[in-house]
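> Have a look at this prediction, sequence included:
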Amino acid sequence: HKWVYAFGDGTAEGHAGLRDLLGGKGANLAEMSNLGLPVPPGFTITTEVCTAFYDNNRQYPEGLEAQAEAALTHVGEIVGARFGDPANPLLVSVRSGGRASMPGMMDTVLNLGLNDETVKGLAEKAGDERFAYDSYRRFIQMYSDVVMGLDHHSFEEILDIFKEENEYYLDTDLSAEDWKEVITRYKRLVEEELEEPFPQGVTAQLWGAIGAVFGSWQNVRAKTYRRLHNIPDSWGTAVNVQAMVFGNMGTQSATGVAFTRNPSTGEKLIYGEFLINAQGEDVVAGIRTPQSLTKAAREAGKETKPSMEEAMPEAYTELRAIFERLEAHYRDMQDIEFTVQAGKLWMLQTRNGKRTAKAAIKIAVDMVKEGLISKEEAIGRVDASSLDQLLHPTLDPDAPRNIVATGLPASPGAASGKIVFSSDEAADMKSHGEDVILVRIETSPEDIHGMHSAAGILTTRGGMTSHAAVVARGMGKPCVSGAGSLRIDYARQTMSVMGDTFHKGDLITIDGSAGQIIKGAVPTRQPELSGDFAQLMEWADKIRKLKVRTNAETPHDAKTARKFGAEGIGLCRTEHMFFEDERILAVREMIVADDSAGRKKALDKILPMQRDDFRQLFEIMKGLPVTIRLLDPPLHEFLPHTEEEVEEVAAQAGLDPEKLKRRLGQLSEFNPMLGHRGCRLGVSHPEIYEMQARAIFEAALLAGEQTGAPVVPEVMVPLVATKNELDFLKPRIDAVAEAVMKEKGARFDYSVGTMIELPRAALQAGKIAETAEFFSFGTNDLTQTAFGISRDDAASFLNEYLTNGILEQDPFVSLDREGVGELIAIAAERGRATRPGMKMGICGEHGGDPASIRFCADHGLDYVSCSPYRVPIARLAAAQAAV
Ligand code: ADP
Ligand code: MG
Ligand code: MG
């Protein structure tokens, strides 16, 4: 069996198509090698080995060692060196790389193959002793950390002390002799901590590192990352062993990272950073402030140190040409790592770059215009859920800002929240409903959960490609990085700048687009949805087949949804209107009324209010379909709670307070969600539904006259379990319609349908459709009733279901295709068998979830309905489902 795939020297055994087997990094190294780009030679140990390793009690499959060692010999032949040769040593990096990119989540070891002997050979060969010992100290630190589990902080501390003793400021201030001394101290640390010397055997080093990379697939942060990004454990990682090239070989050497377009804005400008005389990890770690790649960027940032364009013009020109080549080849924006060794450029990685939603849209639209991709591809290039980042308010540009410090605009958007200094605290406060800004000197992969919980991230160290910046952009969270004027004191839990001291819990705002840190909260403004966004949406609207409606009951929500492109209202929950202002009093009066006469009296007060609400919604929707659900929740939700409220209602209804309390007692239920609610209310109190139907029909006529667009209201009866319930209620609604038409001397169209939100209703859909004229799948309740899980109580146990893999996803967020989905499929099929072409849609949270939207498209539903802010997401997801 083939476990090892070689690359380098203008050829490769693999290619980009073998991503599952070689991991993203390995597949792209092979691809670049095939393209003839300068890639240091190496080989990839496949993901199958990782899987076999874990399946087989952490043992490697047969044949692996021989294949790897043969490949290593071949690498040595290409570069003209030998692994472990004291005179002419080959050094390698051992790099992880799974199918999906997991930046910084797993470990890499550089400069492997160094020991007390080979370091001398390296120095000799390079004619540079300082470089050789710099590489050796890096290797000892990395290997000890990654393979032997010694915390890198201990090494950094030794180095810091050494620098202090010698009054050095930068790592580049250290001479070869200095590094030798540091190395002696490093090795002593290893011996003291582990009671064994640092390993000198290069083959042991190699297998140690390979084992550590496979081991890192199961480390805590990799597992967390996979859980957050829905990456299956079973995919495994590949290991890449690659000849080292050295960016730390003096002033004509450098290491850098670049994006072929700006990953924040999408602009077609090279974007990146490099560090002279450094190795790869230094850029990300923020040890020194990196320099810009282009002259233009240097000037824009008013930097003093030269850009790569100026400092290394030849390598830069070659790099630019490679960028263009890679973009044309992959037809997407690339995220690239490179190293320059003594003036010669080497490519170390390329992948499709992560980007903000804004950048994703711009790049997709631009690439269509450049003729690189089709409109359909452009639609597929934007993660529909990520649009969320664009739809939310940004800081009001006219509001005053008390800017206390600035940093780098590392990830766009703005957020206000309370300061916290640790990720655990961020997670904790978030779980108590607080918005927090995570403030750290720098972040590391251990901070993922805190970053996930925070509304925004602020660091005082690190550049645009630092961990904080990259991860925040991926999460779509605002981030300001490298705010160097801030002083963070973790012990005192303070952040101070120029005399101002902020404490944990103080409110700040960060503007990740401007790099600003602002005292207090700043008012926000609605986003502009024009330009590239509008263009992409226009393409999406042409392609999609599903209609997109919104769930809305207030004029404000309805207007917002229209602005976002909603094509009607799929769910108007009438009861939400009951709480407004003095209405609740009339509603309470209705509920506690003893008899039908008392109830009618109260309903007469509510009627004009409801009519007016509906009229406004109909007017905003200008003839677009509007589905109004009749009263659904258990009545007790509206009941008075405090003594004061009880007295008030008693007075209003002309009831004795004691009698009222008894009545309240009668209304209480053990399990209200399965109790007296939905159409059961309509059955017990038909006058409630009759009043609502009258309000709807009268409003429809009024709005139709007002806008000139006839309104065709869709009256929806909730929580139906049997056809008989509907047979009881529908004639009453029809009678109201007849009466209104007669009174007003005008005719109108309308329909009466039902929600399918009980398993019994789904199964009986064929019969129910004899009466119901449309179905709307109420997937929130359908999920609750299919699983028998209360949505309001699920939080306390659902997490264990997710972490233990019992459920793949929260079924209240993404539709459970297997169970709930089957109920929907059955209902749709049986409903249409009875009533061909019957209109069907879905309302509830799932209507805004891309995976659930795909399901709706696959099952031929007519529309999805979601909250206003998710309308654009649904439009794009519906288009993605159609291509
Ligand atoms: P990550 O996935 O965390 O980026 P990488 O395997 O890409 O890890 O490596 C970490 C750093 O080391 C990167 O900056 C990379 O460019 C650099 N690097 C990896 N292999 C080599 C090599 N053979 N020569 C020089 N630098 C390397
Ligand atoms: Mg990398
Ligand atoms: Mg419901």
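In hand now; what should we look at? Ligands and ions are numbered 1, 2, ... in the order given.
> List the single closest residue to V683 in space, sequence neighbours excluded.
F728 (6.0 Å; Cβ to Cβ, 6 or more residues apart in numbering). Any C-beta I mention is one placed from the backbone N, CA and C, and that applies to glycine too.
> ok, now S234?
Using Cβ to Cβ, 6+ apart, the closest residue to S234 is T51 (6.9 Å).
> Need the three-state assignment for the residue in the stretch 651-800 of the chain that ligand 3 sits nearest to.
Residue of the stretch 651-800 of the chain nearest ligand 3, by Cβ to the ion: D781 (3.5 Å). Recorded secondary structure, D781: helix (DSSP: H, G, I helix; E, B strand; the rest coil).
> Domain ranges for the chain, per the record?
Domains of the chain are assigned by automatic domain parsing as 4-243, 254-355, 393-525, 544-882.
> what's the residue in the stretch 201-350 of the chain that ligand 3 sits nearest to in contact with, if anything?
Proximity of the stretch 201-350 of the chain to ligand 3 (Cβ to the ion) peaks at N230, 27.7 Å away. Contacts here follow Cβ atoms under 8 Å, 6 or more residues apart in numbering; on that basis N230 touches E808, Q809.
> okay, the residue of the stretch 551-700 of the chain found nearest ligand 3: pLDDT?
Proximity of the stretch 551-700 of the chain to ligand 3 (Cβ to the ion) peaks at D632, 5.9 Å away. We have a pLDDT of 93 for D632.
> neighbours of it, just the number please.
If you count neighbours by other Cβ atoms under 10 Å, D632 ends up with 23.
> quick one: secondary structure of it?
coil.
> Excluding covalently adjacent residues, which one is nearest to it?
Once flanking residues are discounted, D632 sits nearest to P718: 4.2 Å by Cβ to Cβ, 6+ apart.
> I789 versus the one you found, what's the distance?
Distance, P718 to I789, by Cβ to Cβ, to the nearest Å: 19 Å.
> circling back: P634 is in contact with the residue nearest to D632, correct?
No. Counting by Cβ atoms under 8 Å, P718 stays clear of P634, with 11.8 Å between them.
> residue at max distance from the center of the chain?
Distance from the centre of the chain peaks at D656, with 55.3 Å (Cα atoms, centre = their mean).
> mind listing what it touches?
Taking Cβ under 8 Å, 6+ apart, we find D656 in contact with A650.
> gap between it and K600?
Look at D656 and K600: by Cβ to Cβ, they are 21 Å apart.
> Kindly report the same for Q279.
Going from Q279 to K600 by Cβ to Cβ gives 82 Å.
> Between those two, tell me which one has more neighbours.
Between Q279 and K600, Q279 has the larger neighbour count (other Cβ under 10 Å), namely 24 against 15.
> Give me the pLDDT for that one.
Listed pLDDT for Q279 reads 92.
> and it, backbone torsions?
When read as degrees, to the nearest 10, the backbone of Q279 gives phi -110, psi 160.
> Would you tell me whether whichever strand or helix holds S154 gets close to ligand 1?
Assigned by DSSP states H and E, S154 belongs to helix 152-166. No. Residues of helix 152-166 contacting ligand 1 under Cβ under 6 Å from any ligand atom: none, with a closest distance of 13.9 Å.
> what about stretch 813-827, average pLDDT?
Stretch 813-827 shows a mean pLDDT of 96.
> now swap in stretch 79-99 and tell me
Over the span of stretch 79-99, the pLDDT mean works out to 95.
> can you pull the buried residues of that stretch?
Applying a neighbour-count criterion of 16 or more other Cβ atoms under 10 Å, one finds 79, 81-84, 89-99 buried in stretch 79-99.
> is that stretch anywhere near ligand 1?
Yes. Looking at stretch 79-99 against ligand 1 by Cβ under 6 Å from any ligand atom, the contacts come from S93, R95.
> how far does that stretch stretch from start to finish?
In stretch 79-99, first residue to last residue: 28 Å (Cα to Cα, to the nearest Å).
> ok so, going back, now tabulate the domains of the chain in a markdown table and tack on distance to E538.
Formatted as a markdown table, these follow (distance: least, Cβ to Cβ, whole Å):
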| stretch | distance to E538 |
| --- | --- |
| domain 4-243 | 30 |
| domain 254-355 | 18 |
| domain 393-525 | 23 |
| domain 544-882 | 10 |
